[in-house]
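> A structural model of the following input is requested.
(chains A and B)
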Amino acid sequence: MSSVPKISLKGVTKSFGDKHVLAGIDLDITAGESMVIIGGSGTGKSVLLKCILGLMKPDAGEILIDGQPADSGNRDEFLSRFGMLFQGGALFDSLPVWHNVAFRLRQGSDRLSKAEARDLAILKLRRVGLKPEVADLFPAELSGGMQKRVGLARAIAAEPEIIFFDEPTTGLDPIMAGVINELIREIVVEMGATAMTITHDMSSVRAIADKVAMIHDGRVQWTGPIGKIDASGDPYLDQFINARADGPIESVR
Amino acid sequence: MAALAVFENFLASIGRSTLALLASIGRLAIFTGATLSHIVRGPYYLRELGLQLLRIGYFSLPVVGLTTLFTGGALALQIYAGGARFNAESVVPSIVAIGMVRELGPVLAGLMVAGRVASSIAAELGTMRVTEQIDALTTLSTNPMKYLVVPRVVAAALVMPLLVLVGNIIGIMGGYLVGVTRLGFNSATYVQNTVDFLVIGDVTSGLIKAAVFGFILGLMGCYNGYYSGRGAQGVGQATTNAVVSASILILSINYLLTELLFPA
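A predicted model of the protein is given here:
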């Protein structure tokens, strides 16, 4: 295994006005590993993902992908290595499901023909448990769970090296959340991709993670393998994973 | 001391407003520059452009047609009533034509299309921003400026002259209908007077204005939608801002263009 981490964050900071959302994040993610980032609402988990993808510019710090700065080189090539499942799906309302799934494959000079892209989209839809009939529907015609599956199919369509999952189970019933968690785990293992998931759903954490990092006060409070999460001895992590109101993390009542 | 503190707060609020205004102007200038730069550099999304030409152009025809039809008719009545004060009723056909083609056609079409299109673009892009669809485009290696902004701005700038051309014809027809049926003009004389007094420069100046107004309303719709605030309130505010800013810019730039095209 290569000693260079797939994703390496060194002292990443990001502030919005007086609010220091990320106050120096240091984190390494090894290739093929499924890292789950946990933390309360508003602790900057989504901001961290957006900084890695270049959707936001960090104020300071370094983001390295395979040892290379994320902001160097060709941007399209850089982004083609990533897939992302957005919290709300972020499916394009004006395009049918198959075109959403195959969107990336229909861009650029070596884009697939419409028929090829549609066939591939149907294949990916099958992989996430959706029937081919769904391909010609529009996102607004789908349930929340189906939209997540389509978002997942889109994230994996171009077989990226790195996949980000932003709150993959938010807004889903427990059974559908379980199905999505299983799908994510299966797909990540099957593709051998490096995955980074942000969530505050502990069932997701246990189903998806190889490693866990907890963010608190803009820094990585604890990081380690999923197997050690219950015996970490970290009072912040203990309070979070056991959903206790009392503890070092202040809660507004 | 209390009075000094109030005065300091007053000065601070002026300072904050000025800085916010300058920041907005700067952001709009950068957005405009980026749009122009993406217009001259590919790749181009022709399917999107075609879709926008249809949405902005074809579907705006009824609004522009009705607006210019009634304005042409009202203009004929007004010019007839005003001209009657110094026995100049016969100028109705020529003034209706010049007024429509040079001024009212482009301005009214610009304002109506700003209301219909700039608002819809701002709401669409604003919703896409709020639901992270714009971020999703970026992660799918697609530049949102090229995919969303350029087709809309270019389509608006291309179709506005065509809309105004159609609107001019309908407006002049509105004047003709009122002139012939209500004001007693001879049909052939009305048409002859319209054609005789209208020169090609009148038409082209109106079409130049229309293209500029199209660019402005497309740009303001995209800019306000692209930088929409969060939630339903943010999208609502973006929509309002798009229409208000496009309308004010159309009216003020119309004056500047008129000065430029028809110097006193």
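
> From now on I want contacts and neighbour counts done on CA atoms only, so please keep to that.
Will do.

> could you point out which element follows the strand or helix carrying A:Lys14?
Taking DSSP states H and E as the definition, A:Lys14 sits inside strand A:7-16. Going down the chain from strand A:7-16, the next helix or strand is strand A:19-29, by DSSP H and E.

> returning to that earlier point: what pairs with the strand holding A:Lys14, and is each one parallel or antiparallel?
strand A:19-29 (antiparallel), strand A:60-65 (antiparallel) (DSSP bridges).

> tell me the pLDDT at A:Arg111?
For A:Arg111, the pLDDT comes out at 82.

> Tell me if I'm right that it and A:Leu105 touch.
Yes. Between A:Arg111 and A:Leu105 there is a contact at 5.5 Å, judged by Cα atoms under 8 Å.

> hmm, back to that, buried residues in the strand holding A:Lys14?
Within strand A:7-16, the residues that count as buried by 16 or more other Cα atoms under 10 Å in any protein chain shown are A:7-9, A:11-15.

> got CSV for the strands paired with strand A:7-16, with mean pLDDT and mean neighbour count too?
Below are these laid out as CSV (pLDDT from 0 to 100; neighbours: other Cα atoms under 10 Å in any protein chain shown):
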stretch, mean pLDDT, mean neighbour count
strand A:19-29, 89, 18
strand A:60-65, 90, 18
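
> For the stretch 151-253 of chain A, which residues score under the pLDDT cut-off?
Counting by pLDDT under 70, the stretch 151-253 of chain A shows low-confidence ranges at A:251-253.

> Which residue is the nearest non-sequential neighbour of the residue of the stretch 101-250 of chain A found nearest chain B?
When scored by Cα to the nearest Cα, the stretch 101-250 of chain A has A:Arg104 as its residue closest to chain B, at 5.4 Å. Computed as Cα to Cα, 6 or more residues apart in numbering or on different chains, the closest residue to A:Arg104 that is not its neighbour in sequence is B:Leu140, at 5.4 Å.

> ranges for the strands of the chain?
No chain in the question, so chain A it is. Counting by DSSP state E, chain A has strands at residues A:7-16, A:19-29, A:34-38, A:60-65, A:68-69, A:82-85, A:162-166, A:194-198, A:211-216, A:219-225.

> Tell me which of those strands approaches B:Ala29 most closely.
strand A:7-16 (23.0 Å; Cα to Cα).

> I'd like the average pLDDT over that closest one.
For strand A:7-16, mean pLDDT is 91.

> how far does that strand sit from the chain's center?
Put simply, strand A:7-16 sits 17 Å off its chain's centre (Cα atoms, centre = their mean, to the nearest Å).

> what's the answer for stretch B:110-118, then?
6 Å.

> now do stretch B:22-35
19 Å.

> Same check on stretch A:141-148?
Mean-position distance between stretch A:141-148 and its chain equals 18 Å (Cα atoms, centre = their mean).

> need the helices for chain A, in chain order.
Secondary structure of chain A by DSSP state H: the helices cover A:45-53, A:75-79, A:97-101, A:114-127, A:144-156, A:174-191, A:202-208, A:235-241.

> check contacts around the closest residue to A:Ser204 other than its chain neighbours.
Closest residue to A:Ser204 apart from its sequence neighbours, by Cα to Cα, 6+ apart: A:Asn181 at 5.8 Å. In this structure, A:Asn181 makes contact with A:168-169, A:204, A:207-208, judged by Cα atoms under 8 Å, 6 or more residues apart in numbering or on different chains.
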